[in-house]
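Participant: coords below, sequence missing:
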C-alpha cells in the first residue's frame, strides 16, 4: 500500500468513526468500532472493518451499515479532500475474536 492510500485509509477510519458516533441515530449501529480500512490503489473501493460490542447483533449491524453507506459517503465528501470518495464495503473484523480465542487456549495450556 502506498503512503497516499495508507493516509486515506487512516482518515477514513477516523472520519467514519466520528460520523457513526455523532450523526447516525440508528439503534442497530450502537457500539460499533471501526478497526481498519483498506483502500484500493485506484481509490474506488474501500473495505471498512468493524467490530460490535454485542456479537449477536453482527448481522443487523452489517445490514444497517450497508444501508447507511450512502449517507456516510455523503458526509465523507464534506470531511475528506479527495476527488472521489470510495465505495464503502463493510466487513466484520474477526481478528479480535480470533485473538481472544487464542488467549483462552493459551490460558488453558498454562493452567494444565
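Facilitator: It's in. Remember, predicted model here, so these are calculated numbers, not experimental data.
Participant: Quick check: next helix or strand after the helix ranked longest in the chain?
Facilitator: Ranked by residue count, the top helix of the chain under DSSP state H comes out as helix 58-79. Next in sequence after helix 58-79, counting helices and strands by DSSP states H and E, comes strand 87-92.
Participant: Contacts for that following strand next, please.
Facilitator: 16, 44-52, 58, 62, 65-66, 69, 72-73 (CB atoms under 8 Å, 6 or more residues apart in numbering). C-beta coordinates here come from the backbone N, C-alpha and C atoms, glycine included.
Participant: quick one: it to helix 58-79, angle?
Facilitator: Angle, strand 87-92 to helix 58-79, by axes from the mean of the first three to the mean of the last three CA atoms, to 10 degrees: 150 degrees.
Participant: Neighbouring strands of strand 87-92 in the sheet, and parallel or not?
Facilitator: strand 45-52 (parallel) (DSSP bridges).
Participant: Now, of the contacts of strand 87-92, which are buried?
Facilitator: 16, 46-52, 62, 65, 69, 72-73 (16 or more other CB atoms under 10 Å).
Participant: could those residues go into JSON lines alongside pLDDT and distance to residue 81?
Facilitator: Listed next are the buried ones among the contacts of strand 87-92 as JSON lines, based on pLDDT from 0 to 100; distance: CB to CB, whole Å:
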{"residue": "16", "pLDDT": "96", "distance to residue 81": "16"}
{"residue": "46", "pLDDT": "96", "distance to residue 81": "16"}
{"residue": "47", "pLDDT": "96", "distance to residue 81": "22"}
{"residue": "48", "pLDDT": "97", "distance to residue 81": "19"}
{"residue": "49", "pLDDT": "96", "distance to residue 81": "23"}
{"residue": "50", "pLDDT": "95", "distance to residue 81": "24"}
{"residue": "51", "pLDDT": "92", "distance to residue 81": "28"}
{"residue": "52", "pLDDT": "91", "distance to residue 81": "30"}
{"residue": "62", "pLDDT": "94", "distance to residue 81": "29"}
{"residue": "65", "pLDDT": "95", "distance to residue 81": "24"}
{"residue": "69", "pLDDT": "94", "distance to residue 81": "20"}
{"residue": "72", "pLDDT": "95", "distance to residue 81": "17"}
{"residue": "73", "pLDDT": "95", "distance to residue 81": "15"}
